[in-house]
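> Predicted model, plus sequence, below.
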Amino acid sequence: MGAVAAAVALTRWWPAHSEAACLPRAEASVRLQILYAQARRASRALGEARRRVQDEARGAGGALVPRLVRLVAAEWWVFVGVVATAVGAAVVSLWTPVVTGDLINVIARSVRLVAAMDASVAEALRSPARKLLALFVANGLLTFAHTTLVTILGERIGGRLHAEAMDTLLWHDLAFFDSTQSGGLAARLNTDIAEFQSTLKKLVTQGLKSATLTAGVAWQLVSLSPQLTLTLVSTMPVAYVGLALYGRFLRVLRREAREWEALATGLAAEAIANMRTVRSLNAEAAELALYCEARAEQAACSNRFGLHMGAFRGLTNTAIGTMVLVVLYNGGRLVSRGDMSPGDLMAFMIATQSAQRALDALGSLMGQTVRARSAIARVLDIVGLSPAVPRAAGVQPATVLGHVRFMDVDFSYPSRADAPVLSHFNLDVPAGTVVALVGPSGVGKSTVAALLERFYDPTGGEIWLDGLPLTHLDVSWQRRQIGYIPQDPALFSTSIRENLRLGRPAATDEEIAEACRLANAHDFIAAFPAGYDTVVGERGALLSGGQKQRLSIARAILRDPRILILDEATSSLDAESERLVQGALDRLMRGRTVLVIAHRLSTVRNADRIVVMGAVPGHIVEHGTHDELMAKRGAYHRLYTQASAGKAPLP
Ligand SMILES: Nc1ncnc2c1ncn2[C@@H]1O[C@H](COP(=O)(O)OP(=O)(O)OP(=O)(O)O)[C@@H](O)[C@H]1O
């Protein structure tokens, strides 16, 4: 016990005093604890989601094993092939020594009779030699087929899991991503699926082989001495229960290590993705400290896991050794009473050793299975998530005018359920009009846009499009009617052409070029050596803010939506870029319903209606046209005059 405690202390001490200890750990620790708490919360949320899914599906295969069976059953023909070839190869290896023995017996006999029966010895040798050759060839063919099929099985199941997890994530609630580290999530999916694939392959290769060998040897044992076999079998449950309990404990340790690992990978991904910010804030050392700290925690957990895994394996060996001893002891008594010959006892012990080797292989495979089980549980947690906004349900009206109404809408973000952002919020945007939302930062302007996009559902009240609640509409259809131009448009790291095609996959090159002309983007694209095939870098890093904005407008033109949301679309641009972008926007806005979320009041003067939001959640302070609001000399007038005089930042 003392040795184990000392080893545990060592595993805690070692990573903390490695390289990471030289770094500013104090600050890193605080942020890390927060991140870890967040990761645990996300993991708990996933666990809860899993339990919910399991409860819902209870009886229809919600638990892990039935879900795994379903996963494997989808590839049943490959699986049957894999099992058949593995069992076949094991049977061949059980048989090979028997036929080899026959051959040796013939050779032994021939040594005695060679002088008299030369020809018949050669004849007698032929039959076992042919059998042995057939077994070798069969073994070769089975090995070839098995290896091929196992690879196919692993790749097909892995591919299915990747696709299902990605499909779930692409449709899942944004609230989930608000509280989950995306880098960690992607990494976790990759490593977890890889771990499951590799264990599955080992299970159906070594596992099946060892299991078949064990069964074959068990049969040999029973035929040698049923009494001794009973002794052997009766000692097994004691060892098994203890080892199973230990296995459960190991799973918990493994999961904890994986959580730290996912956190560390997420931190690395986040730092790499935000490299410019890291550099400009001189945050390299802090990020490194944070990363090393997370890695050190992961290493401590992994070391603890390794320690207990060692103990687990040691216990397994001791348990098996003890079983052998018990058998030898009882066998000795049988021999002394004359109930068993010494030769049979020797054969029994040899067979027991073969069983031990096979069980040993199964034991170490079980260790890996423990890891793979938690890995696949985490992947299935993700696959089992069900979004609050159903993906394909509801009506798809034939025409859309674009009349939007918010009626008594209450909303708070799921991650901050106790902080209402909108309460009893009302807004009417008639079809074809431009409504601007203005007000101080943080009053919920962007939230209104997010709700209209149905990124979240309101907690109270309703949002209507052309007189139909959004919850009655097919969400994909609804989003097709909306073009969203954010302040910092997201571009993918592919060519300009492919980025624009995201707006309308079927768009021709001519249509793309026309949209870019309307968006004042064609000239700058044509000036690039690769033109429309220019790759824009991650998140469009190789383009300026104004260029990205104009591409985003061209994308919206291609989409041709009835409703437009402009979320501070020109606020971060210089005067020349703003002129180009504003020109493009004016063309795009014509004849559509537009919701403008404005920072700069100068950009909303021409709106049909301006809605001023106040600090009380969802409270509309006043609304009207620019002239009406200026004449009222209220909140808008105050904001406008302060902003024009440069006394206050524009809201
Ligand atoms: N994903 C989120 N999860 C939790 N809270 C959020 C989230 N997004 C915004 N909030 C909170 O909701 C409130 C309203 O935010 P919102 O972005 O809608 O304000 P805004 O008026 O658009 O602000 P700004 O003009 O600065 O963009 C803020 O208190 C903000 O902290």
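Everything's here; your move. Numbers count the residues shown, from 1 in each chain.
> Now the terminal residues of stretch 549-567, how far apart.
End-to-end span of stretch 549-567 (C-alpha to C-alpha, to the nearest Å): 11 Å.
> quick one: is it near the ligand?
No: taking C-beta under 6 Å from any ligand atom as the criterion, stretch 549-567 and the ligand are apart, separated by no less than 7.7 Å. Heads up, the C-betas are built off the backbone N, CA and C, glycines and all.
> How far away from the center of its chain is that stretch?
Centroid separation for stretch 549-567 versus its chain: 31 Å, with C-alpha atoms, centre = their mean, to the nearest Å.
> now stretch 337-356
Stretch 337-356 has its C-alpha centroid displaced from the chain centroid by 51 Å (C-alpha atoms, centre = their mean).
> go on, stretch 273-281?
Centre-to-centre, stretch 273-281 and its host chain are 26 Å apart (C-alpha atoms, centre = their mean).
> I'd say A218 and A355 touch.
Yes: contact criterion C-beta atoms under 8 Å: A218 and A355 qualify, at 6.9 Å.
> hmm, who's touching stretch 231-250?
Defining contact as C-beta atoms under 8 Å, 6 or more residues apart in numbering, one finds that stretch 231-250 is touched by 221, 305, 308-309, 311-312, 315-316, 319-320, 322-323, 326-327, 330, 352, 366-367, 370.
> Give me the neighbour count for L245.
By other C-beta atoms under 10 Å, the residues close to L245 number 10.
> Surely it is in a strand?
No: assignment of L245 by DSSP: H, G, I helix; E, B strand; the rest coil gives helix, placing it outside any strand.
> Please report the distance of it from the ligand.
Separation of L245 from the ligand (C-beta to the nearest ligand atom, to the nearest Å): 42 Å.
> Which parts of the protein are strands?
Applying DSSP state E to the chain gives strands spanning 404-411, 422-429, 434-438, 460-465, 468-469, 482-485, 563-567, 593-597, 609-613, 620-624.
> how about these, which one is nearest T508?
The closest of these to T508 is strand 482-485. By C-beta to C-beta, the value is 19.5 Å.
> which other helices and strands contact the closest one?
helix 545-559, strand 563-567 (3 or more C-beta pairs under 8 Å, 6 or more residues apart in numbering; DSSP states H and E).
> List the contacts of the residue lying closest to V409 once chain neighbours are set aside.
Nearest non-adjacent residue to V409, counting by C-beta to C-beta, 6 or more residues apart in numbering: G461, 3.8 Å away. By C-beta under 8 Å, 6+ apart, the contact set of G461 is 406-410, 424-425.
> export those residues to a markdown table and tack on pLDDT?
Output for these, formatted as a markdown table (pLDDT from 0 to 100):
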| residue | pLDDT |
| --- | --- |
| F406 | 94 |
| M407 | 93 |
| D408 | 92 |
| V409 | 93 |
| D410 | 93 |
| H424 | 89 |
| F425 | 90 |
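> what about the residue positioned nearest the centre of the chain, distance to A262?
Taking C-alpha atoms, centre = their mean, the centroid of the chain lies closest to L189, which sits 3.3 Å from it. From L189 across to A262, the span is 10 Å (C-beta to C-beta, to the nearest Å).
> How about R480?
Separation of R480 from A262 (C-beta to C-beta): 35 Å.
> So between these two, which is more surrounded?
Neighbour totals were compared for R480 and A262, and A262 leads with 27 against 16 (other C-beta under 10 Å).
> Tell me, how many residues neighbour R391?
14.
> doesn't S476 make contact with it?
Yes: R391 is within contact range of S476, at 7.2 Å (criterion: C-beta under 8 Å).
> still on that earlier bit, okay, the helices and strands packed on strand 482-485 in CSV with mean pLDDT next?
Below are the helices and strands packed on strand 482-485 laid out as CSV (pLDDT from 0 to 100):
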stretch, mean pLDDT
helix 545-559, 86
strand 563-567, 89
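> Compile those into JSON lines and extend it with columns for mean neighbour count.
Listed next are these as JSON lines, based on neighbours: other C-beta atoms under 10 Å:
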{"stretch": "helix 545-559", "mean neighbour count": "25"}
{"stretch": "strand 563-567", "mean neighbour count": "23"}
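> out of the ones you listed, nearest to L639?
Among these, strand 563-567 comes nearest to L639, with 18.7 Å by C-beta to C-beta.
> Report the inter-axis angle for the closest one versus strand 434-438.
Angle between the axes of strand 563-567 and strand 434-438 is 30 degrees (criterion: axes from the mean of the first three to the mean of the last three C-alpha atoms, to 10 degrees).
> how about the residues of the stretch 151-300 of the chain near the ligand?
Counting by C-beta under 6 Å from any ligand atom, the stretch 151-300 of the chain sits next to the ligand at D178.
> Swap in 8 Å and give it another go.
Contacts of the stretch 151-300 of the chain with the ligand, taken as C-beta under 8 Å from any ligand atom, map to 174-175, 178.
> now, among those, which is nearest to the ligand?
Of all those, D178 has the smallest distance to the ligand: 4.3 Å, by C-beta to the nearest ligand atom.
> ok, and the closest non-adjacent residue to the closest one?
With C-beta to C-beta, 6+ apart as the criterion, D178 has its nearest non-adjacent residue at 4.9 Å, and that residue is S415.
> residues contacting that neighbour?
By C-beta under 8 Å, 6+ apart, the contact set of S415 is 175, 178-179.
> out of the residues you listed, which are buried?
A175 (16 or more other C-beta atoms under 10 Å).
> would you turn the contacts of S415 into CSV with pLDDT?
Below are these laid out as CSV (pLDDT from 0 to 100):
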residue, pLDDT
A175, 81
D178, 79
S179, 73
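> low-confidence ranges in the stretch 351-500 of the chain?
Flagging of the stretch 351-500 of the chain using pLDDT under 70 yields an empty set of residue ranges.
> What residues does D567 make contact with?
Per C-beta under 8 Å, 6+ apart, neighbours of D567: 446, 449, 484-487, 597.
> Please name the bridge partners of it.
Taking DSSP bridges as the rule, D567 bridges to I597.
> Columns neighbour count and distance to the ligand on top of the contacts of D567, output as CSV?
As requested, the contacts of D567 are exported to CSV (neighbours: other C-beta atoms under 10 Å; distance: C-beta to the nearest ligand atom, whole Å):
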residue, neighbour count, distance to the ligand
S446, 18, 3
A449, 20, 8
Y484, 23, 14
I485, 22, 14
P486, 16, 10
Q487, 17, 8
I597, 23, 6
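> Reformat the residues you listed into CSV and put distance to A194 next to each item.
Output for the contacts of D567, formatted as CSV (distance: C-beta to C-beta, whole Å):
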residue, distance to A194
S446, 38
A449, 39
Y484, 36
I485, 39
P486, 35
Q487, 38
I597, 43
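> hmm, which two among the residues you listed are most spread apart?
Using C-beta to C-beta, the two most remote members of those are S446 and I485, lying 12.5 Å apart.
> Can you show me the helices along the stretch 151-300 of the chain?
Ranges of helices in the stretch 151-300 of the chain, per DSSP state H, counting those that start in this stretch, are 174-178, 182-202, 208-224, 226-234, 236-273, 275-280, 284-337.
> okay, those in a markdown table with distance to E622 next?
As requested, these are exported to a markdown table (distance: least, C-beta to C-beta, whole Å):
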| stretch | distance to E622 |
| --- | --- |
| helix 174-178 | 31 |
| helix 182-202 | 40 |
| helix 208-224 | 75 |
| helix 226-234 | 85 |
| helix 236-273 | 41 |
| helix 275-280 | 38 |
| helix 284-337 | 45 |
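> tell me which parts of this protein are close to the ligand?
Residues of the chain lying near the ligand (C-beta under 8 Å from any ligand atom): 174-175, 178, 413-416, 419, 421, 437, 439-450, 567-568, 597, 599, 613, 651.
> From those, list the buried ones, please.
By 16+ other C-beta under 10 Å, the residues of the chain next to the ligand give 174-175, 413-414, 421, 437, 439, 443-450, 567-568, 597, 599, 613, 651 as buried.
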